[in-house]
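S.K.: quick one, structure for this:
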Amino acid sequence: MKAKITEKWLVKKGACEAGVEAFKNQKEKDSLKILKKLIRVKKLDWANWLIVRVMTYKQYVSYAIYGAEKVIGIFEKKYPNDNRPRRAIRAAQKCIKNPSRKNKAAADAAATDAAYAADAADAADAASAAVDYVAYAAYTAADAADVAAAADAADAAYVAYAATAKTKLKILKYGISLLKEGKK
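M.R.: Below is the predicted model:
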């Protein structure tokens with residue numbers, strides 16, 4: 001999906017004041033070109049915020065799942081017998097194929113389980129925020145599938161405390177490929 005970005009659109013979507021101000025100082029309106037520019041100037045947080053807001057439901061849930069899968073190994077290495085985050089990802093995948101009420105309810109339940117896993121990881125190992133945030137990524141992927149929340153997809157895909165800059169860039173590039181596929 002290709003969107004025309006305007007100052008009014010950014011404000012309506014809840015962009016931060018700094019982002020709106022930065023947008024005013026440039027002329028580009030094409031979402032893909034803006035995303036690529038944000039990546040070039042290393043505004044990865046802003047690119048991640050924008051990308052999910054121009055995606056369709058299927059695209060942003062796919063993006064969320066991809067991001068969560070990129071880092072889930074961090075959690076599974078630490079807690080190999082806790083499959084709650086993995087179940088949340090699978091529940092979100094089912095919603096892409098069939099966004100039925102039943103599948104969304106299952107995604108909601110799996111999201112809740114993944115949230116408990118995140119809390120347990122945080123309580124067990126306060127020094128390892130990465131492990132906690134990976135479980136949170138799975139939670140938000142499933143929650144995005146359930147409630148159609150692009151902001152949750154952004155959280156899941158980005159996993160700010162678990163993903164390296166290189167991983168974040170890979171996730172953003174995957175998101176751009178989803179947008180390009182949607183144009184066809």
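S.K.: rest of the way, CA atoms for contacts and neighbours
M.R.: Will do.
S.K.: give me every residue that touches residue 167.
M.R.: Going by C-alpha atoms under 8 Å, 6 or more residues apart in numbering, residue 167 touches residue 70.
S.K.: helix or strand right after the helix or strand of the chain with the lowest mean pLDDT?
M.R.: Lowest by mean pLDDT, DSSP states H and E among the helices and strands of the chain is helix 150-158, with a mean of 62. For helix 150-158, the following helix or strand on the C-terminal side (DSSP states H and E) is helix 165-183.
S.K.: buried ones in the helix or strand hosting residue 12?
M.R.: Residue 12 is part of helix 7-13, with elements assigned from DSSP H and E. The neighbour-count check on helix 7-13 (16 or more other C-alpha atoms under 10 Å) flags 7, 10 as buried.
S.K.: and for stretch 93-103?
M.R.: Neighbour-count burial for stretch 93-103, counted by 16+ other C-alpha under 10 Å, picks out 93, 94, 95, 96, 99, 103.
S.K.: for residue 182, state which of these is nearest.
M.R.: Ranked by distance to residue 182 (C-alpha to C-alpha), the buried residues of stretch 93-103 are led by residue 96 at 14.6 Å.
S.K.: can you name the residues that contact the closest one?
M.R.: By C-alpha under 8 Å, 6+ apart, residue 96 lies in contact with 58, 61, 62, 145.
S.K.: what do you get if the cut-off is 10 Å, keeping everything else the same?
M.R.: Contact analysis of residue 96 by C-alpha atoms under 10 Å, 6 or more residues apart in numbering lists 57, 58, 59, 60, 61, 62, 103, 104, 145.
S.K.: picking up where we left off before, and whatever helix or strand comes next after the helix holding residue 12, what does it pack against?
M.R.: Next along the chain after helix 7-13, taking DSSP H and E as the criterion, comes helix 17-24. If you count contacts as 3 or more C-alpha pairs under 10 Å, 6 or more residues apart in numbering; DSSP states H and E, helix 17-24 packs onto helix 7-13.
S.K.: for the helix it packs on, the distance to its chain's centre please.
M.R.: Its chain's C-alpha centre and that of helix 7-13 lie 20 Å apart, by C-alpha atoms, centre = their mean, to the nearest Å.
S.K.: quick check: mean pLDDT of that helix?
M.R.: For helix 7-13, mean pLDDT rounds to 91.
S.K.: now for it, which elements pack on it?
M.R.: Applying 3+ C-alpha pairs under 10 Å, 6+ apart, one finds that helix 7-13 contacts helix 17-24, helix 44-53.
S.K.: appreciated, that's everything.
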